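Q: What follows is a protein structure lacking sequence information:
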């Protein structure tokens, strides 16, 4: 290559480098301006978001305190409920035991009453009714014997009446 060509090539390279530097400078300036606008918008956004963030932070702190208190109360309530259920279970077990004992006693009293009623009925049958039947039979026999001895005649109507009574 000749020196003149070399000078043109170098000049062209320098021009291209200078244009590249100018373009880079323009891009850097545009980036700077864009970042400045972005910074301004972010600051505006932060100005709006910071009160909300603080409010949210306060809400979270209050919620943590409330939930902690609620959790403690719930634990206490569950413990109290567990104790009360234990007591209720004991009372029900005792009531069940007492009820069974009372039912056994009632069954014994009922059995005793039925047995006494049967004994009384048997005593009435054997002690009163049987002798009454025997006396009644004896009385009828004596009356019949007396009427036969005394000669009283029975009419057909009396005989029919007597037979109807036995039928």
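A: It's in. Just so you know, these numbers come straight off a predicted model, no measurement behind them. Numbering: from 1, shown residues only.
Q: looking at this protein, which helix or strand does the model trust least?
A: Among the secondary structure pieces of the chain, namely its helices and strands, helix 156-166 has the lowest mean (mean pLDDT, DSSP states H and E), a mean of 62.
Q: From residue 72, how far out is the residue nearest in space to the middle of the chain?
A: Centroid check for the chain by C-alpha atoms, centre = their mean gives residue 85 as the closest residue, at 13.0 Å. Taking C-beta to C-beta, to the nearest Å as the measure, residue 85 and residue 72 are separated by 20 Å. Yep, even glycine has a C-beta here, placed from its N, CA and C like the rest.
Q: mind checking how far the residue nearest to the centre of the chain is from residue 78?
A: 10 Å.
Q: Same check on residue 97?
A: From residue 97 over to residue 78 the distance is 29 Å, taken as C-beta to C-beta.
Q: Run through this structure and note the low-pLDDT ranges.
A: For the chain, applying pLDDT under 70 flags the ranges 1, 151-167.
Q: could you redo the last one with a cut-off of 90?
A: Within the chain, the stretches falling below the threshold (pLDDT under 90) are 1-3, 45-56, 59, 61-71, 119-167.
Q: out of all of them, which helix in it is the longest?
A: In the chain, ranked by residue count with DSSP state H as the criterion, the top helix is helix 3-123.
Q: Next SSE downstream of that helix?
A: Taking DSSP states H and E as the definition, the helix or strand that follows helix 3-123 towards the C-terminus is helix 130-150.
Q: so what does that following helix touch, helix or strand wise?
A: The helices and strands touching helix 130-150, judged by 3 or more C-beta pairs under 8 Å, 6 or more residues apart in numbering; DSSP states H and E, number zero.
Q: Now it: buried residues?
A: Buried residues in helix 130-150, counting neighbours by 16 or more other C-beta atoms under 10 Å, are absent.
Q: ok now it, how far from the chain's centre?
A: Distance of helix 130-150 from the chain centroid (C-alpha atoms, centre = their mean, to the nearest Å) equals 79 Å.
Q: when you give positions from now on, start the count at 37
A: Got it, first residue is 37 now, which makes that one helix 166-186.
Q: sorry, back to before: how much space between the residue nearest to the centre of the chain and residue 130?
A: Counting by C-beta to C-beta, the gap from residue 121 to residue 130 is 15 Å.
Q: Same check on residue 100?
A: Separation of residue 100 from residue 130 (C-beta to C-beta) stands at 45 Å.
Q: and what of residue 155?
A: When distance is defined by C-beta to C-beta, residue 155 is 37 Å away from residue 130.
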